[in-house]
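# structure of the sequence below:
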Amino acid sequence: MRRSTFDSYRRNIELHVLPALGRQQLTKLSPSDLDLFYADLLAKGRRKPGGDSKGLSAKTVRNIHVMVNKALSDAQRKGLVVRNVAELADPPKLSAQRRKELKAWDPDQLSTFLDAIAAHRLSPAFLLAAHTGMRRGEVLGLRWGDLDLTMARVSVRQALVTVAYEVQLSDVKTGSGRRTVEIEEGLIEALEAWRSVRAEELAGRAPAEGDLVFTKQDGSWVHPDLFSQIFDRAVAKLDVPPITLHDLRHTHATILLMNGTPVKVVSERLGHASPAFTMSVYQHVLPGMQAEAAQLFAALLRKSKTDAGRTSGSA
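Presented below is the predicted three-dimensional model:
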């Protein structure tokens, strides 16, 4: 199990499960108790120091249910309880949760940002994120050994993440997340120039294969939150729609899909589990693509009829 996953379980247990159910005897726990527990989390699960509260998302509550269900299933299997009451409870359905609308820039807006950020020391990192759709942690966790500038490819093998407020290297998000992404000449030139910058900062020593590509001048890691803050501050000064750093990933995918790149190719670049998942995430792009497909199909039919008419007329 990845440490970030373990930490997520730990926080959900300490912040939500134990305060609500920790003193409840297992033999007296009922499906109704869990239903009330889930409802309370949805209404005011995120409590703030000032007394204000906000509900957790249906996905988060569902994840807590899955964890409780597994624990009680183990308890039943080991004879600690007669039945698993979580199986009889009613956790929130994810289908009832409104999908968050994805935000993305068009090519002009993306170019505006890249031109504005070009003067920043870490501009090559933002350029890489925009041109590959790599996640924040994947960009910051990239090693020089993962770059093959001769073959124009980037291998995504690890990520720099925060776990319990500490920065550490972790495996990529999923098995499909381990991938190779092709890159183009302009990005290669930017990365070669960045290698020269790092060599100068290291007093003439070339970066080692195991060194992270994007670091502070002294070689220390760039905190992921700081990377996001640099992005947010730059965007706030521009006349472009406000988006988050993660939305650069959506921008990469949306631009490719809207310009006819096959879904399978986009899915592979993003490291998604399957093209079906990519289609479900970027379904907002597909209606426009379907309209273009319908127009193309009708145009081909009209051309076919015209060509047939010309052939019969000449005959």
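
# in contact with S53, which residues?
43-47 (CB atoms under 8 Å, 6 or more residues apart in numbering). (Each C-beta comes from the backbone N, C-alpha and C, glycine too.)

# the residues you listed into JSON lines, with extra columns for distance to D239?
As requested, the contacts of S53 are exported to JSON lines (distance: CB to CB, whole Å):
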{"residue": "A43", "distance to D239": "39"}
{"residue": "K44", "distance to D239": "39"}
{"residue": "G45", "distance to D239": "38"}
{"residue": "R46", "distance to D239": "34"}
{"residue": "R47", "distance to D239": "38"}
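
# if any of those are buried, put those into a ChimeraX selection.
Command for ChimeraX that selects the buried part of these, burial taken from 16 or more other CB atoms under 10 Å:
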select :45
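
# which one of the contacts of S53 is nearest L34?
Checking the contacts of S53 against L34 with CB to CB, the nearest one is G45 at 13.9 Å.

# hang on, the earlier thing: how about the contacts of S53 in CSV, adding secondary structure?
Shown next, in CSV, are the contacts of S53 (DSSP: H, G, I helix; E, B strand; the rest coil):
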residue, secondary structure
A43, helix
K44, helix
G45, coil
R46, strand
R47, strand
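
# which one of the contacts of S53 sits closest to T215?
Nearest to T215 among the contacts of S53 is R46, at 34.0 Å by CB to CB.

# so the closest one touches S57, yeah?
No - using CB atoms under 8 Å, R46 is not in contact with S57, being 9.3 Å away.

# farthest pair in the contacts of S53?
Maximum pairwise distance among these (CB to CB): 11.0 Å, between A43 and R47.

# centre-most residue in this protein?
R135 (5.8 Å; CA atoms, centre = their mean).

# give me the pLDDT for it.
R135 is assigned a predicted lDDT (pLDDT) of 96.

# any idea how far the closest residue to D106 other than its chain neighbours lies from D247?
Distances taken as CB to CB, 6 or more residues apart in numbering put I255 closest to D106, at 7.4 Å, once the chain neighbours are dropped. With distances taken as CB to CB, to the nearest Å, I255 is found 12 Å from D247.

# then T150?
Distance, T150 to D247, by CB to CB: 32 Å.

# compare those two (neighbour count), which wins?
Between T150 and D247, counted using other CB atoms under 10 Å, D247 has the larger neighbour count: 18 against 7.

# the more buried one and L102 touch, don't they?
Yes - between D247 and L102 there is a contact at 7.2 Å, judged by CB under 8 Å.

# and the residue lying closest to L56 once chain neighbours are set aside, what does it touch?
Distances taken as CB to CB, 6+ apart put G45 closest to L56, at 3.7 Å, once the chain neighbours are dropped. Contacts here follow CB under 8 Å, 6+ apart; on that basis G45 touches 16, 53-56, 60-61.
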